[in-house]
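Novice: need a 3D model of the sequence below.
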Amino acid sequence: MEKMELNHKPEIDEKELNKLLSIIDSLKFEDYEEFEFNGQKFLLQILPVSHLKEEEGGAWFAGSTHIKGIDIYIVKEQPIKERKRRMFHEVIEANAKYKGFDQATANQYAAEQEFKFFDQDI
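Specialist: Just a heads-up that it's a prediction; the model follows:
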């Protein structure tokens, strides 16, 4: 997969990001919930904290072995509000990464959108 130029940033329309929030709000956060966002399939997997690596911070993604898409892993011991926030970040980051952006760029974009949607009222 070809990586995007460094000066090119991911962009997801705000309307699409609001759709993502609606999708996340509709999830029950039960194991193996499947959903689609921005042309990509995702599979939510809920795991106990014992599966967590310190650097993962309670959520991570990887290519799926169950569907043609991406698995999103969320630690079940987190409060639901935190699960939703981490899910939002991981979906955006995974979407950007699998569209050709490097990890750092994808993560930065996801962090910016996460802040915009979750921290702007603070």
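Novice: rest of the way, CA atoms for contacts and neighbours
Specialist: Fine.
Novice: dump the residue contacts of the closest residue to K97 other than its chain neighbours.
Specialist: Sequence neighbours aside, A106 is the residue nearest to K97 in space, at 5.6 Å (criterion: Cα to Cα, 6 or more residues apart in numbering). Contacts for A106 (Cα atoms under 8 Å, 6 or more residues apart in numbering) come out as P10, I92, E93, A94, A96, K97.
Novice: mind doing that once more with 10 Å?
Specialist: 9-10, 89-90, 92-100 (Cα atoms under 10 Å, 6 or more residues apart in numbering).
Novice: among those, which one lies nearest to E36?
Specialist: Ranked by distance to E36 (Cα to Cα), the contacts of A106 are led by N95 at 10.7 Å.
Novice: need phi/psi at that closest one.
Specialist: phi -60, psi -40 (degrees, to the nearest 10).
Novice: and for the nearest residue to it once chain neighbours are set aside, the neighbour number?
Specialist: Nearest residue to N95 in three dimensions, chain neighbours excluded: Q40, at 7.2 Å (Cα to Cα, 6+ apart). Counted by other Cα atoms under 10 Å, the residues lying close to Q40 total 15.
Novice: isn't Q40 up against K97?
Specialist: No: contact criterion Cα atoms under 10 Å: Q40 and K97 do not qualify, at 11.7 Å.
Novice: who touches both of those two?
Specialist: V91.
Novice: longest single strand anywhere in this structure?
Specialist: Longest strand in the chain, counting residues (DSSP state E): strand 40-47.
Novice: tilt between the following helix or strand past that one and strand 40-47?
Specialist: Counting by DSSP states H and E, the element after strand 40-47 in chain order, helix or strand, is strand 59-63. Counting by axes from the mean of the first three to the mean of the last three Cα atoms, to 10 degrees, strand 59-63 lies at 130 degrees to strand 40-47.
Novice: can I get strand 59-63 in PDB? Just the C-alpha atoms.
Specialist: Taking C-alpha atoms only, strand 59-63 is exported to PDB below (Å, rounded to 0.1, in the frame of the first residue of the first chain):
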ATOM      1  CA  ALA A  59      -8.300   0.400  22.700                       C
ATOM      2  CA  TRP A  60      -6.500  -0.600  19.500                       C
ATOM      3  CA  PHE A  61      -7.200  -1.900  16.000                       C
ATOM      4  CA  ALA A  62      -5.900  -4.600  13.700                       C
ATOM      5  CA  GLY A  63      -6.700  -6.200  10.400                       C
END
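Novice: appreciated, that's everything.
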